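A.B. asks: here you go, sequence then predicted model.
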Amino acid sequence: MEWQPDEQGLQQVLQLLKDSQSPNTVTQRAVQQKLEQLNQFPDFNNYLIFVLTRLKSEDEPTRSLSGLILKNNVKAHYQNFPPAVADFIKQECLNNIGDPSPLIRATIGILITTIASKGELQTWPELLPQLCNLLNSEDYNTCEGSFGALQKICEDSSELLDSDALNRPLNIMIPKFLQFFKHCSPKIRSHAIACVNQFIIGRAQALMDNIDTFIESLFALAADEDSEVRKNVCRALVMLLEVRIDRLIPHMHSIIQYMLQRTQDPDENVALEACEFWLTLAEQPICKEMLSGHLVQLIPILVNGMKYSEIDIILLKGDVEEDEAVPDSDQDIKPRFHKSRTVTLQHEGGEGEEGEDIEEDDDDDDDTLSDWNLRKCSAAALDVLANVFRDELLPHLLPLLKGLLFHPDWVIKESGILVLGAIAEGCMQGMVPYLPELIPHLIQCLCDKKALVRSIACWTLSRYAHWVVSQPPDSYLKPLMTELLKRILDGNKRVQEAACSAFATLEEEACTELVPYLSFILDTLVFAFGKYQHKNLLILYDAIGTLADSVGHHLNQPEYIQKLMPPLIAKWNELKDEDKDLFPLLECLSSVATALQSGFLPYCEPVYQRCVTLVQKTLAQAMMYNQHPDQYEAPDKDFMIVALDLLSGLAEGLGGNVEQLVARSNIMTLLFQCMQDTMPEVRQSSFALLGDLTKACFLHVKPCIAEFMPILGLNLNPEFISVCNNATWAIGEISMQMGTGVKQQTGDCPGAEMQPYVGMVLPHLVEIINRPNTPKTLLENTAITIGRLGYVCPQEVAPQLQHFIRPWCTSLRNIRDNEEKDSAFRGICVMIGVNPAGVVQDFIFFCDAVASWVNPKDDLREMFYKILHGFKDQVGEENWQQFSEQFPPLLKERLSACYGV
C-alpha cells in the first residue's frame, strides 16, 4: 500500500511553507520552531516530497521550497530516516525528474545529488543506470531533468565515480555523454559538456580513453549559437590545456584563433571563461613559441577587457565620490587570516627574505567586486604574460598606452592606469626610460575628480614603488608620499583603502628613507584613526605595523611614541576579547613593540597580561570542546596564534625587560600545551615564542628543557615547513644558551647539559639538509642549528660531518654576516678540529663558504686561517696548487687576499 498524506497534516505543511515566505522576522522564528517540532515525526519528510512531486495544483515556489527544506533535512539527519521514508523519497525523485517545470526539475536534481553525496551512491545502485536510461527519453523534460541531476552528481562526486567502489560507471557514462554533444537542444548539449568537464582535472581513465573523440566533439561545437555551450567549450579547453596539452598542441593555432574571438564574446560569461585560457597558457613552457605570433591580436583584446563595464560602475557606486561617513556593513569586511611568525635570516644584498612556503598576498586593485570578472581576469592575464614575454610585450602595448593614459573619458583613462600597473613586474626594465614622465602623470592622477581613477592610481604607483625609491628622494619619493598621505585622508572609502595599501608597499620599499618624514606620516595615520570606518581601520593597522617594521628603532622617540600609542591603546581597551578586530591590532602592536624596544615598556604590562589571558581562554575552550563537542563550540584558535605572536614581539623588543613579566605568569605551562596543539599554525607560533624567550630570559626556559626538547624533536617534520623551520631555530637558540650558560657557571665541558638531546634532533636535521627541494629558509635555519649544536657538543656532532658539510656550506654562503652565522661557523670550525677527515672530500665548498664572509670577528678569522693553512700544509704545496686550480677566479682572489693561501 503506497503512503498517502493525511489531509489535515498536508494543510498544516502547506500553511508552514506559505508562512516561511513571509518577510516578517517574528513569523520566520515561529516557522523555525514549527519545523523543529515537525522533524520529530518520521513521515514529515514524506509530506515534503509529496508537495514537491505530486501537488501540481500548488504554485512552483512553494513546491520548490518544500524540496529545499527536505534537502536540508537530508543533509542534517538522513541517517535517521526510516527505510520506508528514504525509499519513498528516492522513488518519487526518479519518477518525477521530468516535471514540466524547470524549477521543480532543478530542485529534484539538487535533492538527488544531496542523497547521493550522503554515501548513497553505493546503496542506491539503480540511480545512475536509471538516470542514464532516462537520457534516451523522447520527452525533452525527462532528458533535461535527468541530465541536470547527473551534472550535479558529477560535480559533487567526481572522485567516487572514478573509483572501483562503484565498479567504474564512467566507462559507460562518458561515451554516453559524448553522444549528446550533437543533441538538437542547446540546454542538453550544455549539460553533456558540463558533465564530462568534471573529469578533466582528475584525469579520469574513462575520459583519457576517449580523449580524441572528446576534443573532436568540442571542436565541432566551437561555433555553437548558444552562449552556455560556448562557455562550457571554453572551460573544457582551458582545463585540457592543464592536463592534456599534448593532445592540443597539433591544433594550437586554431585554438588560439578561436579563443581570441571568444575573449571578445558579447556574453561576458563566455569572454571570462575564454580569458582564463591566456592565464593558463602563460604557465605552460610552450607559451612563448605558441603565442609570439599572436600578441599583436591578443594584447589589444586584453587591454580592452580591462575597462570597467557599466554594471561594474553601478555596483561600485562609481559616481559616489564621498562616502566616508557611511558606516560599513559586515558583508563589506572580508575575513582576515593571520600570517603566523616565521623566523628568517637576512640575505646579502636585500632585506630579510620572505619564507617561500608563504603565499604572497594578491595585491588586488578592486576588492569589493571580489567576484572574478573579465576586467580582473584580463589584468591578471596581462600580468602573467608580461612575466613571460618581458619587454617583447612593449612594442604592442606602448602605442595603445599613450592613447589610454591621456584619454578624456575617465573609464578609458582608468583602464590605462590599470594596464600600466599590470605590466609593472614583467616589463620593468623596458619601462624605466618612460617612468620619469609617467610617474609624475600618475601622481597627478591621484588628484583626479573620479574616485575610481584616484584609487587605481594608488595601486599602480605602488607597483613602481621600487623604482621610485631607487631615485633621489626629492624627485619622486617626496611628491608621491605627500600625495599618498592626502589620499589616505580622501573622502572616498575605496580611495582610502587603496592609498593605505599602497602606502604600506611604499614603506616596505623605502624603509629608513622615511625617517625624515616620520612626524608628518604619523600625524596623517593618527588622524585617519578618527576618520575611518570599520573596514579601512583594519588596513590602517597594517600600514602602521609595516611602518614600524620598516623604520625599526627610529620610531623610538618620545614625540613619535606620544603620537602613536594613545590611539592604539584606546582601541585596545575598546575591543573585547572575543572581537576579531583584535587580530590586526595585535599584529600591529607586535611590530610596534619590536620597533620601540624599551620605548614600549610603559605599555607592556596590560598588553602582556591580555595576551596570556587570550591564550589561556582559547586553550580552556579547546579542552571543553574536545571533551564535549556536542555542548561546546570549537574555539577560534587565531586568537591564541596572534597572542603568541605579540608575546614574541614583546620578548624581541623588550629583551631582558620581559623577564619580570614572565616570572609573574604561567606562560611556560601554557606554552607546553600550545607546542602540542593539533593545529600547525599554533605550534609554529609557539616555537617562535620559545626561541624569543630563550634569547630574552633563558632562566625561565631552562627548567622546562627536559620536557620541551622531545616535542621539538617530533616537530622536525618538513611536511609542515613553517613549524619545522621555527622548531629548528628554537633548538639552535637553546643550544647556544645551554652552552654559554654552563661555560660561565661551572667551567665544565660546555656541552654537558645539551648532550642528552643531540640524538633526539640531529638525525632529523641531517636528513632535512640533504632533502631535495627543501625551501631556502628552512635549509638556512637547519644549517645554522647544526652548526650551533656542533659548537656546543662537537664530540657528538662532528662524526656526522661528511653527511652534511656540502649542503651546509652551500646553504649559508648567501647569508649576511650576523650573530647566527658567526656561531654556526664557529661550530663548523670546532667540528673540523675534532674530525678533519669529515671535510676533506668537500673542502672546496668549505673554502667557498669561508670566502662569503665580508668581515668575520678576529678570533673567527683566526680559526679559518688555521684550517685553511693546516689543509694546505697537510697536502703540500704542489697538491694545493692543483686543488686551487679548480677555484673560480673570484674565490681564489678573496682567499689569497684575506687568508694568504
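C.D. replies: Nice, I can see it.
A.B. asks: check contacts around the residue lying closest to F180 once chain neighbours are set aside.
C.D. replies: Closest residue to F180 apart from its sequence neighbours, by Cβ to Cβ, 6 or more residues apart in numbering: A192 at 3.8 Å. Quick note: C-beta positions are derived from backbone N, CA and C, even for glycine. By Cβ atoms under 8 Å, 6 or more residues apart in numbering, the residues touching A192 are 147, 177-178, 180-181, 183.
A.B. asks: switch the cut-off to 7 Å
C.D. replies: The contact partners of A192, taken as Cβ atoms under 7 Å, 6 or more residues apart in numbering, are 147, 177, 180-181, 183.
A.B. asks: repeat that for L477.
C.D. replies: 468-469, 510, 513.
A.B. asks: 8 Å instead, please
C.D. replies: L477 touches 468-469, 471, 510, 513, counting by Cβ under 8 Å, 6+ apart.
A.B. asks: do the same with C377
C.D. replies: C377 makes contact with 272, 275-276, 279, 305, according to Cβ under 8 Å, 6+ apart.
A.B. asks: please redo it, this time with the cut-off set to 6 Å
C.D. replies: 272, 275 (Cβ atoms under 6 Å, 6 or more residues apart in numbering).
A.B. asks: which pLDDT value goes with it?
C.D. replies: pLDDT for C377: 95.
A.B. asks: quick thing: my sequence starts at 18, can you match it?
C.D. replies: Right, with 18 as the first residue, what we last looked at is C394.
A.B. asks: among the contacts of A209, name the ones in helices.
C.D. replies: 164, 194 (DSSP state H).
A.B. asks: check the contacts of A209 and tell me the two furthest apart.
C.D. replies: Spanning the widest gap among the contacts of A209 are F164 and F198, at 12.1 Å by Cβ to Cβ.
A.B. asks: PyMOL command for the buried members of the contacts of L494?
C.D. replies: Only the buried entries of these go into this PyMOL selection, using 16 or more other Cβ atoms under 10 Å:
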select buried, resi 485+486+527+530
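A.B. asks: the chain: strands as residue ranges?
C.D. replies: Assigned by DSSP state E, the chain shows no strands.
A.B. asks: out of the helices and strands in it, which is least certain?
C.D. replies: Using mean pLDDT, DSSP states H and E, helix 138-140 stands out as the lowest-scoring helix or strand of the chain, at a mean of 76.
A.B. asks: which residue is the nearest non-sequential neighbour of F423?
C.D. replies: K430 is the one closest to F423 (Cβ to Cβ, 6+ apart), at 7.3 Å.
A.B. asks: any idea how far Q49 is from C846?
C.D. replies: 73 Å (Cβ to Cβ, to the nearest Å).
A.B. asks: of these two, which one has the most company?
C.D. replies: C846 (21 against 10; other Cβ atoms under 10 Å).
A.B. asks: could you report the pLDDT at that one?
C.D. replies: Confidence score, pLDDT, at C846: 96.
A.B. asks: ok, the contacts of L494 vs L332, which is closest?
C.D. replies: Closest to L332, out of all of those and judged by Cβ to Cβ, is V485, at 32.2 Å.
A.B. asks: neighbours of S615, how many?
C.D. replies: 13.
A.B. asks: where does this protein have low pLDDT?
C.D. replies: 18, 137, 335, 348-356, 364-387, 758-767 (pLDDT under 70).
A.B. asks: and with 80 instead?
C.D. replies: Flagging of the chain using pLDDT under 80 yields the residue ranges 18, 20, 59, 136-140, 180-184, 334-340, 342, 345-388, 757-768.
A.B. asks: domain ranges for it?
C.D. replies: 18-136, 773-917 (the TED database).
A.B. asks: any chance of those in a markdown table, plus distance to V699?
C.D. replies: Shown next, in a markdown table, are those (distance: least, Cβ to Cβ, whole Å):
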| stretch | distance to V699 |
| --- | --- |
| domain 18-136 | 31 |
| domain 773-917 | 19 |
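A.B. asks: tell me the most buried of the ones you listed?
C.D. replies: Each of the domains of the chain was scored by mean neighbour count; the highest is domain 773-917, a mean of 18, by mean count of other Cβ atoms under 10 Å.
A.B. asks: show the end-to-end separation of it, please.
C.D. replies: End-to-end distance for domain 773-917: 41 Å, by Cα to Cα, to the nearest Å.
A.B. asks: out of F164 and F198, which sits in the busier spot?
C.D. replies: Neighbour count, other Cβ under 10 Å: between F164 and F198, F164 has more, with 29 against 22.
A.B. asks: give me the neighbour count for the residue nearest to that one when sequence neighbours are not counted.
C.D. replies: Using Cβ to Cβ, 6+ apart and skipping the chain neighbours, the partner closest in space to F164 is H208 (3.8 Å). Other residues near H208 number 27, with proximity taken as other Cβ under 10 Å.
A.B. asks: and P416, by the same measure?
C.D. replies: Quick note: P416 (other Cβ under 10 Å) scores 10 neighbours.
A.B. asks: equivalent analysis for L572, please.
C.D. replies: 23.
A.B. asks: ok, it to E524 distance?
C.D. replies: L572 is 12 Å from E524, by Cβ to Cβ.
A.B. asks: now do C149
C.D. replies: 61 Å.
A.B. asks: which one's more surrounded, these two?
C.D. replies: E524 (24 against 17).
A.B. asks: just list the residues touching the more buried one, thanks.
C.D. replies: Counted by Cβ under 6 Å, 6+ apart, E524 has contacts 563-564, 567.
A.B. asks: change it to 8 Å
C.D. replies: E524 makes contacts with 531, 560, 563-564, 566-567, as judged by Cβ under 8 Å, 6+ apart.
A.B. asks: what is the burial count for the nearest residue to I684 once chain neighbours are set aside?
C.D. replies: Closest residue to I684 apart from its sequence neighbours, by Cβ to Cβ, 6+ apart: V629 at 5.8 Å. Close neighbours of V629, defined as other Cβ under 10 Å, add up to 19.
A.B. asks: ok so, going back, distance between the least confident helix or strand of the chain and the chain's centre?
C.D. replies: Put simply, helix 138-140 sits 36 Å off its chain's centre (Cα atoms, centre = their mean, to the nearest Å).
A.B. asks: what does stretch 847-857 give?
C.D. replies: 43 Å.
A.B. asks: now do that stretch: everything it contacts.
C.D. replies: Contacts for stretch 847-857 (Cβ under 8 Å, 6+ apart): 807-808, 811-812, 814-819, 822, 863, 884, 887.
A.B. asks: neighbours of M307, how many?
C.D. replies: Number of residues near M307 (other Cβ under 10 Å) recorded here: 18.
A.B. asks: can I assume it is in contact with M269?
C.D. replies: Yes. With contact defined as Cβ atoms under 8 Å, M307 and M269 form a contacting pair (5.3 Å).
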